[in-house]
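>>> the following comprises the amino acid sequence and a computationally predicted model.
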Amino acid sequence: QLAINELDAFTSLSPEVAISPLTSSVERVQGGSIGLPDFYAPAVLILLGQHLVITTVALATVQEQLYGTTELFAVAPLTAAERLIGRYGGALALSFPTMLLMVAVLMLGLGTPMLGSWWLLLFTIVCMLVASIGIGFLIAELSGSTTQAVQLAMGVLLASVFFSGFVLSTQFFVGAGKIVGYALPATYAIQV
């Protein structure tokens with residue numbers, strides 16, 4: 001009899017109540033509300049920027065190795081540290097304006113509001129870019145061809161989508177998932 005009563009109570013629920021765990025709503029801690037596109041826009045910006053930088057740096061470095069440009073740099077009157085700083089500086093000089101352009105399109109073109117500090121946004125972007133450049137160099141060292149570099153860069157993108165806090169909060173991960181999340185620059189940038 002108890003089971004029948006519970007079944008009757010369940011079937012009498014409205015469909016809105018039954019699907020309510022599957023709906024999402026976002027509310028600012030300071031009050032007011034923002035739409036889901038405005039909530040996810042900064043995380044999408046970070047994921048796109050990270051992927052763009054990692055892929056570009058990895059492919060450029062692999063191409064330099066394949067064409068022998070790396071050997072030309074090796075005989076130049078520069079130390080390894082100077083070459084590395086130059087590579088980081090060049091990649092940062094190309095990627096930072098691209099990120100600023102994406103921020104401008106996001107805010108001016110799509111109307112996403114800026115609810116935080118501009119200085120914190122710029123600092124976060126620079127830190128994410130520097131870490132992403134390093135991952136691009138690592139991928140280039142692990143790759144023997146441009147195809148391998150693209151595949152590894154796509155693997156990092158997939159890991160970033162799933163383990164950086166974009167889809168699920170990082171507090172739900174344990175073990176290897178948490179370690180992968182900690183290794184991704186997007187994890188920290190999305191949290192900021």
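The structure has been received and is ready for your questions. Small disclaimer: the values here were computed from a predicted structure and weren't measured.

>>> rest of the way, CA atoms for contacts and neighbours
Fine.

>>> and A159, how far is that from I125?
Using Cα to Cα, to the nearest Å, one gets 19 Å for the distance from A159 to I125.

>>> those two: who's more crowded?
For the pair A159 and I125, the greater number of neighbours falls to I125 (21 against 16), based on other Cα atoms under 10 Å.

>>> which residue is nearest the centroid of this protein?
A centroid search over the chain (Cα atoms, centre = their mean) returns L47, at 2.8 Å, as the residue closest to the centre.

>>> just give me the neighbour total for V62.
Residues within reach of V62, counting by other Cα under 10 Å, total 26.

>>> return the distance of it relative to A93.
For V62, the distance to A93 - Cα to Cα - is 19 Å.

>>> what do you get for F163?
For F163, the distance to A93 under the criterion Cα to Cα works out to 28 Å.

>>> same question for P185.
In this structure, P185 and A93 are 19 Å apart, going by Cα to Cα.

>>> what about L48, neighbour count?
16.

>>> pull out the buried residues from the helix or strand hosting it.
When secondary structure is defined using DSSP states H and E, the element that contains L48 is helix 36-67. For helix 36-67, a neighbour-count test (16 or more other Cα atoms under 10 Å) marks 38-39, 41-65 as buried.

>>> next one: stretch 113-120
Applying 16+ other Cα under 10 Å to stretch 113-120 flags no residue as buried.
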